[in-house]
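**Student:** My questions concern the predicted model and sequence given below.
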Amino acid sequence: MKKTLIIATLAIMSLFGTTACAQKKGENMNSLNNKKVLVAYFSWSGNTKAAADYIAQKLNADQFEIIREADYPTDYDECANEAKAEKDANTHPAIKGTVSDMAQYDVVLVCVPCWWYTAPMPVFTFLEQYDFSGKTVIPFCTAYTAEYETLKDIVKATPKSDHRDGICVVTKEMNGVGMDKKFGQIDKWLKEIGF
Ligand SMILES: Cc1cc2nc3c(=O)[nH]c(=O)nc-3n(C[C@H](O)[C@H](O)[C@H](O)COP(=O)(O)O)c2cc1C
């Protein structure tokens, strides 16, 4: 009897597991086409901007650039040091501008570079400035090595939202160079998550 119960429980668990997995892969997933989409992005050297521009054009979406009020240094090492200090102090720095009528958007793609294993701190300022409840938030990042916590931290910062699986586009280039070679990877991902 005990054995039957265990087998039945495992069978039910595997059924739910399959469903969750299938949804992750894009099957049985509500289409995001015909939704009003905002592509919010932060970019220091231009890689993420190139991706965000491509995504916005493909999805016919509006764009909002997240810019820290005080410019980051243009020198890589100086920028890296400043970004590290900001992250270590958990500073949420002031950012420029606002999204006009955030309420109109059903879907918000948050496109960022990985900075010190997470998103640049101005992105968290942006995420706390609006009410994302009821919206679908989708993280996207570019990185030299890997996403680390970047995508997860965007999800964590928007607990009242639905989410779709994000992607990390790895590139050794800077300034947007060669990003067009990544558009195929982006196309495949967008299709998988319901666009
Ligand atoms: C301040 C800073 C910190 C970075 N930290 C990481 C990191 O932790 N992991 C990583 O893989 N790449 C890291 N990078 C590399 C960037 O994520 C990568 O070059 C990205 O594509 C740059 O995007 P952008 O051109 O839109 O600024 C860092 C770059 C900068 C400037």
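**Tutor:** All right, it came through fine. Numbers count the residues shown, from 1 in each chain.

**Student:** Quick check: phi and psi at A80.
**Tutor:** Here is the backbone geometry of A80 (degrees, to the nearest 10): phi -60, psi -40.

**Student:** need the contact list for it.
**Tutor:** A80 makes contact with W116 under the criterion Cβ atoms under 8 Å, 6 or more residues apart in numbering. (Each C-beta comes from the backbone N, C-alpha and C, glycine too.)

**Student:** where do the strands sit along this structure?
**Tutor:** Assigned strands in the chain, in chain order: 37-41, 62-65, 107-113, 136-143, 162-163, 167-170 (criterion: DSSP state E).

**Student:** which one of those strands lies closest to K182?
**Tutor:** Closest approach to K182 among the strands of the chain (Cβ to Cβ): strand 167-170, 4.9 Å.

**Student:** Can you report how many residues neighbour V99?
**Tutor:** Residues contacting V99 under the criterion other Cβ atoms under 10 Å number 18.

**Student:** Is it in contact with Y130, as I believe?
**Tutor:** Yes - here V99 reaches Y130: they are 6.8 Å apart, a contact under Cβ atoms under 8 Å.

**Student:** who does the residue sitting nearest the centre point of the chain bridge with?
**Tutor:** Here the mean C-alpha position of the chain is nearest to the C-alpha of P139 (Cα atoms, centre = their mean), at a distance of 1.3 Å. Beta bridges link P139 to V110, judged by DSSP bridges.

**Student:** now it: how far from the ligand?
**Tutor:** P139 sits at a distance of 14 Å from the ligand (criterion: Cβ to the nearest ligand atom, to the nearest Å).

**Student:** Tell me the pLDDT of that residue.
**Tutor:** In this prediction, P139 carries a pLDDT score of 98.

**Student:** repeat for I95
**Tutor:** Per-residue confidence at I95 stands at 98 (pLDDT).

**Student:** before we move on, what about M29?
**Tutor:** pLDDT at M29 comes out at 84.

**Student:** That one: neighbour count?
**Tutor:** Other residues near M29 come to 14 when the count uses other Cβ under 10 Å.

**Student:** So L151 is in contact with I138, correct?
**Tutor:** No - between L151 and I138 there is no contact under Cβ under 8 Å: 9.4 Å.

**Student:** between the two, who's got more neighbours?
**Tutor:** I138 (29 against 23).

**Student:** returning to that earlier point: closest to D187 out of the strands of the chain?
**Tutor:** Across the strands of the chain, the minimum distance to D187, taken as Cβ to Cβ, is reached by strand 167-170, at 11.1 Å.
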